[in-house]
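>>> Below is the sequence, then the predicted model.
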2 protein chains.
Amino acid sequence: MAEKKNEKLEALRGELNKTDSILEQAFLERMETVRKIGALKAAEGLPTYDPAREEKVLAMHSEKAPEELKGYMREFFQKLMDLSKEYQKQHR
Amino acid sequence: MAEKKNEKLEALRGELNKTDSILEQAFLERMETVRKIGALKAAEGLPTYDPAREEKVLAMHSEKAPEELKGYMREFFQKLMDLSKEYQKQHR
């Protein structure tokens, strides 16, 4: 019984690893794109921080999430945006 | 000139939106999988928090990242795991 459950646990961990690879790749892509956006804005003399757009992105993703995951989704995207802003600053 | 740059900005934002959709979807999948893992561990009487595995996941993803993104990657996965643990607790 315990062995069967551990097999199931291993299968779920395998799924998690696959999802984490997607997250890793997409995170790198996001950072690359925000770096380019930051450079373009700097060249145009535009501010990199756009609170209205940030709130729009946060609201859009959390509203689409299932009820019990809305708060988690918002926190997830808040972190993504905080890290993105920090990275943009580093490249200004 | 400014118009051309804004076109480029819009194109980059389009890329960002696509990447964010992938991140959103993968985040929901991760939460679903960790919920299942938490339920399985609870059924087996195993602790849900596994610091050794957590450190392994953090190290693996940050080590693979380009030098200047290692710290960001680690922080990104730390947040993912913190949110995952919180969600697992909610379902215990």
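Looks like it arrived, so ask away. Numbering: from 1, shown residues only, chains lettered A, B, ... in the order given.
>>> Next, count neighbours for residue A:10.
10 (other CB atoms under 10 Å in any protein chain shown). All C-beta atoms are positioned from the backbone trio N, CA, C, and that covers glycine.
>>> Same check on residue A:37?
As a burial measure, residue A:37 scores 21 neighbours (other CB under 10 Å).
>>> ok, now how distant is residue A:38 from residue A:86?
Using CB to CB, to the nearest Å, residue A:38 is found at 11 Å from residue A:86.
>>> Does residue A:49 touch residue A:85 like I think?
Yes. Between residue A:49 and residue A:85 there is a contact under CB atoms under 8 Å: 6.4 Å.
>>> of these two, who's got more company?
Neighbours per residue, other CB under 10 Å: of residue A:49 and residue A:85, the larger number sits with residue A:85, 15 against 12.
>>> Distance check, that one against residue A:92.
11 Å.
>>> Overlap in contacts, these two.
Common contact partners of residue A:85 and residue A:92 (CB atoms under 8 Å, 6 or more residues apart in numbering or on different chains): residue A:48.
>>> What is the distance between stretch A:43-54 and the centre of its chain?
19 Å (CA atoms, centre = their mean, to the nearest Å).
>>> Actually, stretch A:14-21.
In terms of CA atoms, centre = their mean, the centre of stretch A:14-21 is set 16 Å apart from its chain centre.
>>> before we move on, which element is residue A:29 in?
Per DSSP states H and E, residue A:29 falls inside helix A:2-44.
>>> Check which helices and strands that helix sits against.
Under the contact criterion of 3 or more CB pairs under 8 Å, 6 or more residues apart in numbering or on different chains; DSSP states H and E, helix A:2-44 touches helix A:70-90, helix B:2-44, helix B:51-64, helix B:70-90.
>>> How about residues contacting the shortest one?
To tie it back to what came earlier, the one meant is helix B:51-64. A:20, A:24, B:70, B:71, B:73, B:74, B:76, B:77, B:78, B:81.
>>> just the buried members of these?
A:20, A:24, B:73, B:74, B:76, B:77, B:81 (16 or more other CB atoms under 10 Å in any protein chain shown).
>>> which one among those residues gets closest to residue B:44?
Residue B:44 has its nearest neighbour among the buried ones among the contacts of helix B:51-64 in residue B:81, at 20.4 Å by CB to CB.
>>> Distance-wise, check that closest one relative to chain A.
For residue B:81, the distance to chain A equals 10 Å [CB to the nearest CB, to the nearest Å].
>>> Tell me which residues touch that residue, please.
Going by CB under 8 Å, 6+ apart, residue B:81 touches B:54, B:57, B:58.
>>> which among those residues gets closest to chain A?
For the contacts of residue B:81, the minimum distance to chain A (CB to the nearest CB) is 6.9 Å, reached by residue B:57.
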